[in-house]
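Enquirer: Structure for the following, please:
(2 chains)
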Amino acid sequence: MAQVEVKTQEYWRWPEYRRTVSEKDWRNASILTAGVDIGSVGSKATIMVDGELYAYSVMRTGGVSEDTAIKVTTWALEGTGLEVGKLHYIVGTGYGRVNVPFAKKTITEIACHARGAHYIYGPTVRTVLDIGGQDCKAIRCDEKGKVLSFLMNDKCAAGTGRGLEVFADLISVPIQELGKVSLSVDQEPPPVSNTCVIFAKAESLALLRQGWPKERVAAAYHAAMADRIVDLLTRVGIEKDFVITGGVSKNMGIVQRLERILKIKPLEPQMDPILAGALGAGLFAKALYEKEQGLR
Amino acid sequence: MITAGVDVGAKFAKVVILKDGQVLTRAKALVGFDILKSASDVFEMALKDAGLSRGDIQRVVSTGMGRSAVLQKPPINADEAVSEVVADAAGAFQAVPTVKTVIDVGAEEGRGIKVEGGKVRDFVINERCAAGAGTFVEAMARALEVKVEDMGSLSLKSANTIPMNAQCCVFAESEVVSLIHSKISKEYIAKAIHDAIAGRISSMILRVGVEKDVVLIGGCALNPGFLPPLEKELHTSIIVPEFPEFVSALGAAVIAANPAR
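Expert: Modelled structure (predicted):
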């Protein structure tokens, strides 16, 4: 019998990356800090030179958070000549923040996301929506990036990046293209009616079997997810300027639908919004170091 | 009088044929893509088994998620469709006349019903979240690479209690995978899974209150690993009637026999 080679592709698998973004020489800087954000799905490390983003890395969180924390930080430092020991202060955040071995302090991802969004988008930000791998947070903040109130869903995969990963696998579309695919319909279909990802998956499968094209099923799924996120946002109250951070901020299908429903255009990010949590942690690290040294 | 109850569930279709309060036959099969066809096949199977034809059955009542798919549609031609809650109450009362609380855990729904004399007084339903229904155990069995039928007996081998943090079926799958990676035995994980679902079901049941006798029905009642943690959580003994997955269909057949109720 002939062997059939089965090619399997993991559509949910998003690419990992690192960048050095500053021309500055860290050797001339006075404060070197890092923010390490160990999320449930993705981990990010930002290296900050005098409170400005210098280099970063984004990778998937592995089975052991400590290992991931070391890997992601080392990777961010790669090729810069800097090493962990030379950093003045490191703050850990995210779901696995207690597992960052070299962090001097841990700060909740809520505070870090607000602070990071303030850094990325400026002081006009009042509402931050962070859609991560396993949770979704709506945060209200002031002109200093301080949290005023927040609401989050961390119990249910519906309305999170993990739900999108499951869906990407179901319809065999790479996760990075999923949002674009969902926007390629002429008319928006009714949203998928089930909340639970497991049930919504079964419902989507039934739609595919009925002959719906992938694009239409994707649109129905994204529409349902957008509706759910709007519910959360409405409960916390949405005020301009509005910004979206976290991995799902890269999904245009979600972003454009939110914009359509809310009739508010989210600000365009000037840097990778997946970094918001890590950036916030890196900035808190600088402030904590200054306090420690009696610099302020 | 001969009547039939057809329970078209999310996963299985079940048929009970009743003659003067006595069960003549029971039949069940998986529900496929075509709900009407799957239900009709089970119905024909039950008729054949009882040596009857549709004409011999005076009334047919349907229930379950797909109940309207078979309403007045040949070959079943159900005369009436009733909700799962009503059918559960009638069926549990027929099976256990002293019943006051019914817990029905099916593939995609969990229900708690307060009953008196076979009539519904109050109820709660979870139909939104897979983590409170049989689907949860199925999904976890896949993650554990254990047959779903073996999950219950596997969990009974564990004396240890380890907590599961994830509430959501999707997140729990990842948690099970990481528990496997941390070399936790399958028995322990299986127990944690049953403890978790029993915890969620009982917190729902407590909203209607627990009054004895408590009867557990639905497909999950066939899982021996589910009963002990549920009894522990609810601080009560629970009766599992014979053929617990047919109780709703039985209720529908009982209702069919009492059209004037």
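Enquirer: Give me the domain ranges for the chain.
Expert: No chain was given, so I picked chain A. Chain A resolves into domains spanning A:17-116+A:275-292, A:125-266 when parsed by automatic domain parsing.
Enquirer: that's the wrong chain, I meant chain B
Expert: Following automatic domain parsing, chain B resolves into domains at B:2-86+B:246-257, B:97-240.
Enquirer: Which residue comes closest to the closest residue to chain A within the stretch 1-150 of chain B once chain neighbours are left out?
Expert: Checking the stretch 1-150 of chain B residue by residue against chain A with Cβ to the nearest Cβ singles out B:Ala130 as nearest, at 3.8 Å. In short, each C-beta sits where N, CA and C put it, glycine included. When the adjacent residues along the chain are set aside, B:Ala130 lies closest to A:Ile198, with 3.8 Å between them (Cβ to Cβ, 6 or more residues apart in numbering or on different chains).
Enquirer: What residues of the strand or helix carrying that neighbour count as buried?
Expert: Mapping A:Ile198 onto the secondary structure by DSSP states H and E places it in helix A:197-209. With burial defined by 16 or more other Cβ atoms under 10 Å in any protein chain shown, the residues of helix A:197-209 counted as buried are A:Val197, A:Ile198, A:Phe199, A:Ala200, A:Lys201, A:Ala202, A:Glu203, A:Ser204, A:Leu207.
Enquirer: Ramachandran angles for the nearest residue to the last one once chain neighbours are set aside?
Expert: Okay, so that is A:Leu207. In this structure, A:Leu207 finds its nearest non-sequential neighbour in A:Val217, 4.9 Å apart by Cβ to Cβ, 6+ apart. Its backbone dihedrals place A:Val217 at phi -60, psi -40, with angles given as degrees, to the nearest 10.
Enquirer: what's the neighbour count on A:Val217?
Expert: As a burial measure, A:Val217 scores 25 neighbours (other Cβ atoms under 10 Å in any protein chain shown).
Enquirer: where does the residue nearest to B:Ala130 sit relative to A:Ile47, distance-wise?
Expert: 40 Å (Cβ to Cβ, to the nearest Å).
Enquirer: picking that back up, in CSV, list the domains of chain B along with mean pLDDT.
Expert: Rendered in CSV, the data for the domains of chain B read as follows (pLDDT from 0 to 100):
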stretch, mean pLDDT
domain B:2-86+B:246-257, 95
domain B:97-240, 94
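Enquirer: Which of the ones you listed sits closest to A:Met59?
Expert: Closest to A:Met59 of those, according to Cβ to Cβ: domain B:97-240, at 16.6 Å.
Enquirer: Can you give the distance of that closest one from its chain's centre?
Expert: 11 Å (Cα atoms, centre = their mean, to the nearest Å).
Enquirer: Tell me the span between the first and last residue of it.
Expert: 13 Å (Cα to Cα, to the nearest Å).
Enquirer: Briefly note if stretch B:52-66 comes near chain A.
Expert: No - taking Cβ under 8 Å from any Cβ of the partner chain as the criterion, stretch B:52-66 and chain A are apart, separated by no less than 11.2 Å.
Enquirer: Give the buried residues for that stretch.
Expert: By neighbour count with 16+ other Cβ under 10 Å, stretch B:52-66 contains the buried residues B:Leu52, B:Ile57, B:Arg59, B:Val60, B:Val61, B:Ser62, B:Thr63, B:Gly64, B:Met65, B:Gly66.
Enquirer: A:Ala157 and chain B: what is the separation?
Expert: 4 Å (Cβ to the nearest Cβ, to the nearest Å).
Enquirer: What residues does that residue make contact with?
Expert: Neighbour list for A:Ala157: A:Gln134, A:Gly163, A:Val166, A:Val197, B:Cys168, B:Cys169, B:Val170, B:Phe171 [criterion: Cβ atoms under 8 Å, 6 or more residues apart in numbering or on different chains].
Enquirer: Up against chain A, what does the stretch 151-261 of chain B have?
Expert: For the stretch 151-261 of chain B, the residues found near chain A under the criterion Cβ under 8 Å from any Cβ are B:Gln167, B:Cys168, B:Cys169, B:Val170, B:Phe171, B:Ser174, B:Ser178, B:His181, B:Ser182.
Enquirer: Looks to me like the fourth one is in a helix.
Expert: I take that to be B:Val170. Yes - remark: B:Val170 belongs to a helix, assigned using DSSP: H, G, I helix; E, B strand; the rest coil.
Enquirer: Return the residues of the stretch 51-200 of chain A in contact with chain B.
Expert: Within the stretch 51-200 of chain A, the positions adjacent to chain B are A:63, A:134, A:155-157, A:162-163, A:166, A:194-199 by Cβ under 8 Å from any Cβ.
Enquirer: And the helices in the stretch 1-150 of chain B, which stretches?
Expert: Taking DSSP state H, counting those that start in this stretch as the test, the helices found in the stretch 1-150 of chain B are B:35-50, B:84-95, B:134-144, B:148-156.
Enquirer: Make sure the residue nearest to B:Ala130 is actually in contact with B:Cys169.
Expert: Yes - the criterion here is Cβ atoms under 8 Å, and A:Ile198 meets it with B:Cys169 at 5.0 Å.
Enquirer: Report the set of residues contacting both of the two.
Expert: Both A:Ile198 and B:Cys169 are in contact with B:Ala130, B:Thr135, B:Ala139, where contact means Cβ under 8 Å, 6+ apart.
Enquirer: which stretches of the stretch 1-150 of chain A aren't confidently modelled?
Expert: Judged against pLDDT under 70, the low-scoring parts of the stretch 1-150 of chain A cover residues A:1-8.
Enquirer: In it, which residue sits closest to chain B?
Expert: Of all residues in the stretch 1-150 of chain A, the one sitting closest to chain B is A:Gly63 (4.9 Å; Cβ to the nearest Cβ).
Enquirer: Look up phi and psi at A:Cys136.
Expert: Torsion angles at A:Cys136 (phi, psi; degrees, to the nearest 10) stand at phi -140, psi 130.
Enquirer: That one - how many residues pack around it?
Expert: Here the number of neighbours of A:Cys136 (other Cβ under 10 Å) works out to 25.
Enquirer: Distance check, it against A:Ile244.
Expert: Taken as Cβ to Cβ, the spacing of A:Cys136 relative to A:Ile244 amounts to 11 Å.
Enquirer: same question, A:Lys86
Expert: If you measure A:Lys86 against A:Ile244 using Cβ to Cβ, the figure is 34 Å.
Enquirer: ditto for A:Ala202
Expert: Applying Cβ to Cβ, the value for A:Ala202 to A:Ile244 is 29 Å.
Enquirer: Tell me who's in contact with A:Thr124.
Expert: Taking Cβ under 8 Å, 6+ apart as the definition of contact, the neighbours of A:Thr124 are A:Glu143, A:Lys240, A:Asp241, A:Leu267.
Enquirer: Three-state assignment for it, please.
Expert: At A:Thr124, secondary structure determined by three-state DSSP is coil.
Enquirer: returning to what we had before: buried subset of the residues of the stretch 151-261 of chain B next to chain A as a PyMOL selection?
Expert: One line in PyMOL is enough to select the buried ones among those; burial here means 16+ other Cβ under 10 Å:
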select buried, chain B and resi 167+168+169+170+171+174
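Enquirer: want to throw the residues of the stretch 151-261 of chain B next to chain A into a markdown table with distance to A:Gln187?
Expert: A markdown table is the format used below for those (distance: Cβ to Cβ, whole Å):
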| residue | distance to A:Gln187 |
| --- | --- |
| B:Gln167 | 36 |
| B:Cys168 | 32 |
| B:Cys169 | 32 |
| B:Val170 | 30 |
| B:Phe171 | 34 |
| B:Ser174 | 36 |
| B:Ser178 | 42 |
| B:His181 | 45 |
| B:Ser182 | 48 |
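Enquirer: ok so, going back, neighbour count for A:Lys86 and A:Ile244, which is higher?
Expert: The residue with the greater number of neighbours, taking A:Lys86 and A:Ile244 and applying other Cβ under 10 Å, is A:Ile244; the counts read 25 against 11.
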